[in-house]
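Engineer: What shape does this take:
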Amino acid sequence: MKVNAAAIRQIDEAGRYRDKDWPRGLYLQVGPGGKKSWLLRYVLDGNERFMGLGPLDVVPPPDVKTRKGASVENAADKAIAARRLLLDGIDPIEARAKERDARRADVAASITFKRAAEEYMAVHADGWKNRKHRQQWTNTLREYAYPALAERLVSGIDAAAINDAVAPIWQRIPDSAARTRGRIERVIRWVKEGKPLPRPAEAKRVRHHPAMPYGEVPRFMAELKNREGVAPLALQFLILTAARTSEVVNATWDEFDLDAALWTVPAQRMKAGRLHEVPLPARAVELLRAVPREKGNSHVFIGGRSGKPLSDMAMLALMRRTHPDYVPHGFRSSFRDWAGDQTNFPRDVAEAALAHTIKNRTEAAYRRSTALEKRRKLMDAWARYCATEAKPEANVVPLRRSRS
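Structural biologist: Below is the predicted model:
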């Protein structure tokens, strides 16, 4: 049918409509709710694209007659303008987006430097190391940048204006002057780039699992020893081995050599994807010999359902009932803090006990040994510590008496 201005008003069925007299690729699009808009279909570099040209109540049809000869851009005009860009190999959608971005940048840059700096600090504060870092930003900009630039529009601040702002302190306090200039430039660049959001790693740093202070661990182990069930046994084993929850609940009997007091966790079950050998202290072996077994179930810590391992949530649920401020994974931090504060074992031995990946490639290539025997001594010491009820004065380190 002839899709003229009169016919367009009568169309109420959803779909796309076009008239043979319209520019190539121009369609009237009718949505499910009856809303009508203009659409241009085109193909560029083998890719089909659809470009919206505006709603019908804003952009008139191609054959509309304007009143008193007034010039009004209609749907055909917009379609023809887009096709002219296509003749030059320019994607009209991308061209429009660039124009929009340029306008947005112009508008964004039409704010004062002080307002832009405050917005920048608010957006990036969560990614900064500490409150002191934020205070340094605030102080340097307030003292050295705002006197000259606070009410200046960002769009009007150039290198000369920045140099003028820091010139009074350039010779007197050059380090502060250089930092201030860098911060001014960073704020201006951020605004002109469209105020991009910081990378997730900057915006939100790693949150550590709530860890029980190691001074409380011996008392907690004594509590667990008096509890019945598989979950208390598994949690004791997790603490003694400084292992992850998944490594413990999914452990199978074929991974253990109880005579050699050794637990070999296969690579596919390790976070780093590497086989990990865990030397077992005597108390850990004792726990393993005490855990209940189920015929046909190869898992060490069996669950409530036949043939299944203990639930991932069982140990967490136990801690929520007894010590809700901490989680099982936090005992790895408890162990690491104890090893660093209370022992003379080398750092690399403690890190190896936790199966941490060495980020320094040179160090990783140099230290090929897993230091198994050294780790065995460390884990034995940790087990002895866990079995000793902590006293209030346990963290006091006596000073050596000087020789007379």
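Engineer: end-to-end on stretch 277-291?
Structural biologist: Length of stretch 277-291, first residue to last, Cα to Cα, to the nearest Å: 21 Å.
Engineer: Could you pull up the mean pLDDT of that stretch?
Structural biologist: Stretch 277-291 shows a mean pLDDT of 95.
Engineer: List the contacts of that stretch.
Structural biologist: 230, 233, 236-237, 240-241, 243, 256, 258, 261-265, 300-302, 370, 372-373, 375-376, 379-380, 382-384, 386-387 (Cβ atoms under 8 Å, 6 or more residues apart in numbering). C-beta here means a position set from N, CA and C on the backbone, and glycine is covered the same way.
Engineer: Could you pick out which of those are located in helices?
Structural biologist: Secondary structure defined by DSSP state H assigns 230, 233, 236-237, 240-241, 372-373, 375-376, 379-380, 382-384, 386 of the contacts of stretch 277-291 to helices.
Engineer: Of those residues, just the buried ones, ChimeraX syntax please.
Structural biologist: In ChimeraX, a selection of the buried entries from the ones in helices among the contacts of stretch 277-291 looks like this (16 or more other Cβ atoms under 10 Å):
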select :230,233,236,237,240,241,375,376,379,380,382,383,386
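Engineer: Which one of the ones in helices among the contacts of stretch 277-291 is nearest to Gln135?
Structural biologist: Among the ones in helices among the contacts of stretch 277-291, Trp382 lies closest to Gln135 (Cβ to Cβ), at 40.1 Å.
Engineer: how far does stretch 42-57 sit from the chain's center?
Structural biologist: Mean C-alpha position of stretch 42-57 versus that of the full chain (Cα atoms, centre = their mean, to the nearest Å) differs by 36 Å.
Engineer: tell me which residues of that stretch are tucked away?
Structural biologist: In stretch 42-57, counting by 16+ other Cβ under 10 Å, buried: 42, 51, 53, 56.
Engineer: now do stretch 239-258
Structural biologist: Buried residues in stretch 239-258 (16+ other Cβ under 10 Å): 239-245, 247-251, 255-256.
Engineer: And stretch 291-306, by the same measure?
Structural biologist: Those would be 291, 297, 299-303, for stretch 291-306 by 16+ other Cβ under 10 Å.
Engineer: Widest-spaced pair of those?
Structural biologist: Farthest-apart pair in those is Val291 and Gly303; separation 12.2 Å (Cβ to Cβ).
Engineer: dump the residue contacts of Phe256.
Structural biologist: Per Cβ under 8 Å, 6+ apart, neighbours of Phe256: 262-264, 280, 288, 300.
Engineer: and it, how far is that from Leu288?
Structural biologist: 7 Å (Cβ to Cβ, to the nearest Å).
Engineer: how far does stretch 283-292 sit from the chain's center?
Structural biologist: 39 Å.
Engineer: go on, stretch 276-294?
Structural biologist: 36 Å.
Engineer: that older thread, are any of the contacts of Phe256 buried, and which?
Structural biologist: 262-263, 280, 288, 300.
Engineer: okay, and the helix or strand of the protein with the least pLDDT?
Structural biologist: Using mean pLDDT, DSSP states H and E, the weakest-scoring helix or strand in the chain turns out to be helix 361-366, at a mean of 47.
Engineer: Need the pLDDT of Arg131.
Structural biologist: Per-residue pLDDT puts Arg131 at 71.
Engineer: How many residues are close by it?
Structural biologist: Arg131: 9 surrounding residues under other Cβ atoms under 10 Å.
Engineer: same deal with Lys36?
Structural biologist: For Lys36, the neighbour count with other Cβ under 10 Å is 17.
Engineer: What's opposite it in the beta bridge?
Structural biologist: Val30 (DSSP bridges).
Engineer: hang on, it packs against Val58?
Structural biologist: No - using Cβ atoms under 8 Å, Lys36 makes no contact with Val58, being 10.7 Å away.
Engineer: pretty sure Gly54 is in a strand, no?
Structural biologist: Yes - according to DSSP: H, G, I helix; E, B strand; the rest coil, the state of Gly54 is that of a strand.
Engineer: Return the member of the buried residues of stretch 42-57 nearest to Trp170.
Structural biologist: Met51 (51.8 Å).
Engineer: Contacts for the host helix or strand of the closest one next, please.
Structural biologist: Assigned by DSSP states H and E, Met51 belongs to strand 47-55. Residues from elsewhere that reach strand 47-55, judged by Cβ under 8 Å, 6+ apart: 26, 35-43, 59, 75, 78-79, 82, 91-93, 96.
Engineer: send the alpha carbons of that strand over as CSV?
Structural biologist: Only the C-alpha atoms of strand 47-55 are listed here, as CSV (Å, rounded to 0.1, in the frame of the first residue of the first chain):
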residue,chain,number,x,y,z
ASN,A,47,27.5,-6.0,8.2
GLU,A,48,23.8,-5.2,8.4
ARG,A,49,22.9,-2.3,10.7
PHE,A,50,19.8,-0.4,11.6
MET,A,51,20.0,3.3,12.5
GLY,A,52,17.2,5.1,14.3
LEU,A,53,16.2,8.4,12.8
GLY,A,54,13.8,9.6,15.4
PRO,A,55,10.1,9.1,16.5
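Engineer: What helices and strands are in contact with the helix or strand just after it?
Structural biologist: Following strand 47-55 in sequence order, the next helix or strand is helix 75-87 (DSSP H and E). Packing partners of helix 75-87 (3 or more Cβ pairs under 8 Å, 6 or more residues apart in numbering; DSSP states H and E): strand 26-30, strand 36-44, strand 47-55, helix 92-108.
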